[in-house]
Structure formats: C-alpha cells, structure tokens
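Asker: Starting from these lines, generate the structure:
(chains A and B)
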Protein chains: 2
Amino acid sequence: MAEKRNPINETDDEARALARRLIDEARTGALAVLHPDTGAPFVSRVAVGTDADGAPVTLISALAVHTRALRSDTRAALLLGEPGLKGDPLTHPRITLSVTAQFLDPADPDREALRARWLETHPKSQLYVDFPDFAFVRLQVSGAALNGGFGKAYELTPAELMP
Amino acid sequence: MAEKRNPINETDDEARALARRLIDEARTGALAVLHPDTGAPFVSRVAVGTDADGAPVTLISALAVHTRALRSDTRAALLLGEPGLKGDPLTHPRITLSVTAQFLDPADPDREALRARWLETHPKSQLYVDFPDFAFVRLQVSGAALNGGFGKAYELTPAELMP
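Answerer: Okay, here's the model as predicted:
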C-alpha cells in the first residue's frame, strides 16, 4: 500500500509512453537556469527538438540570458507539455527534465545531421540557424518528473525515457 | 544609437501595457526554483492569479517539489504567456518575472479577500483551496524580462509593472 504522503506513483508503460510523447512532440519548452549575475532561478521559453538518440536539443542565441547562464553553469531544467487554450491547464500532462547542457561546437562533425533534423521540425529557424551567435545545445537528461494531471505523478530515470 | 550587441529596447507604453496584460491574463505559468535537494534549477507548471495590488499569486500544495523549494529558498522566476497551439510559439509574447515567494499564513486576515478573488479566476480550485496542505503564495516582483517576439526584448522595473 502506498504511503499516504508520497504522491509518486510506480512507473508503468503508460507513464513511460506519455513521457516519451511529451519529449518527441515538444517544439518549445520553459528552460530554467541559474541567472549568471545573481544565481537566482531564471526561466525562459526556448525552441525544443530532439537528436537522433531522443535527447532534447535546443538552439539558442548568445544574446539571451539563458545562454550566458548555461555557459556559466550547465545545470538546467526543462518543462515540456504546453497546455492548449481550452480545458484546465493543470490537468494537461507535462514533464520536467533535469538536464545538463552540452554546447555543440560549430565544427562538430555531428552538427550537419542535427541541423537537418532540427530544420524538419523547426523550418522557420532556417532564417537564423547558421548565424554565428546561435548554437545547438544538447540537454543530457539525469531525471524526470512527469505530471499527468492530479494524482498522476511519476519520477522517471533516463533509461525509462529512452525511445 | 543603440549599441549593436545590446538586444534590449527602451521601455515604452506599449511594452508596459503588454507586460501588464500578460500578468493579468495568466492562469498558469512556469515557476523556476532551486531544487531543495540539489540546488539545481527546477521548473514546474503552477496556477497563477493576481492579488488586489496586481502582484502575481499562486496556490500550491505542500506535496509539490516547488513548495518544498520555496520553503527552503524563496527566490524564484515565473514565465507567463503560454503560446497557443497555432503559429510560431517563439513569436508569442511572454514575460519572465524575477520574484520572491511570500507564503500567506492560513490565519492571515487578507486571506479571505485573496481566496475570493482567486476563485473568480480559478473556479475549479474550489475543490482543494481549503485543504490544509495548500497555501497561497504571493510573488513579490523584483524585475521583469519581456519578450514580445524577435527583436522586441525589454527589461522592466516593478514600478513599470504596476496596474
């Protein structure tokens, strides 16, 4: 019997599939970082895709606070699962990924494949994807908190998030 | 002439009105906190309203990570302005508020008015608003980063966000 004060359910196939779907379908997310000037939490909207391994990826500008933040401290968290405009947003499934940022070097041999994959899901970024101040960042997941609505909380390991 | 590398525009009436509208119309937001166990960034979706002074307010459960986080370190950031399901989400206006959490004591004489105001905009929370593990938290704003779309970035002071 579950302990009364523990709101976390045991992970099952349905939870794993929902988590994977939220990552695969995300086009944007809320990225939380430590502000580079103050160390306080900061959060902003970023574009989100995946790499061939299924890890979340973003494309960010050096002009943005979140980019300066990740250059200074690579720890971050990513909230995926945007609510629609209808229905109760707090019953809409979402997932928080605990991540570490890995900036992709512009000369990285993997960049071309990642760029092509990104442009399939984010065609409008064609306009700036090759600007020198933009960089792809792979977000290495260390854990996840899935919330499928009230009473449907799960904690998932990176292995449970694999495609 | 603006410095080439500074992407922040001068705040004008239009930016102030947009910022205020994003706060007033928000029903949910992405709340970034410091994880109470690790100190790393964490982000989750919370319900959002305002108090009579226009400050953002949330209603959160003691069972949630964000609540434990704010009890341990009151610094947080709140992203408001959910994109719709259509159009380019990165052109949808949004605002990041840098905030400090102030938990409202259940016996606070201001709670009744705040509760009534909250239920007007969040009628479904009638089901749990008075549960003993739920608390109203006022988010005292210390600054704001407004992003009205590409090339429309502003930084606003608390005074500029006043209703």
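Asker: What ranges does chain A have for its helices?
Answerer: For chain A, applying DSSP state H gives helices covering A:13-25, A:65-72, A:111-121.
Asker: Mean neighbour count, distance to chain B and mean pLDDT added to those, as CSV?
Answerer: Where C-beta positions appear, they are placed from N, C-alpha and C, glycine not excepted. Shown next, in CSV, are the helices of chain A (neighbours: other CB atoms under 10 Å in any protein chain shown; distance: least, CB to the nearest CB, whole Å; pLDDT from 0 to 100):
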stretch, mean neighbour count, distance to chain B, mean pLDDT
helix A:13-25, 17, 11, 96
helix A:65-72, 20, 7, 97
helix A:111-121, 14, 12, 97
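Asker: Show me what the longest strand seen in chain A is packed up against.
Answerer: Scanning chain A for the longest strand, with DSSP state E as the assignment, gives strand A:134-147. In terms of contacts (3 or more CB pairs under 8 Å, 6 or more residues apart in numbering or on different chains; DSSP states H and E), strand A:134-147 is packed against helix A:13-25, strand A:56-61, strand A:94-103, helix A:111-121, strand A:153-156, strand B:41-47.
Asker: and the gap between A:E120 and A:V129?
Answerer: To A:V129, A:E120 is 12 Å away according to CB to CB, to the nearest Å.
Asker: JSON lines please, covering the helices and strands packed on strand A:134-147 and showing distance to B:E25.
Answerer: Shown next, in JSON lines, are the helices and strands packed on strand A:134-147 (distance: least, CB to CB, whole Å):
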{"stretch": "helix A:13-25", "distance to B:E25": "25"}
{"stretch": "strand A:56-61", "distance to B:E25": "26"}
{"stretch": "strand A:94-103", "distance to B:E25": "20"}
{"stretch": "helix A:111-121", "distance to B:E25": "29"}
{"stretch": "strand A:153-156", "distance to B:E25": "28"}
{"stretch": "strand B:41-47", "distance to B:E25": "14"}
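Asker: out of these, which comes closest to B:A116?
Answerer: Smallest distance to B:A116 across the helices and strands packed on strand A:134-147 (CB to CB): 15.7 Å, for strand B:41-47.
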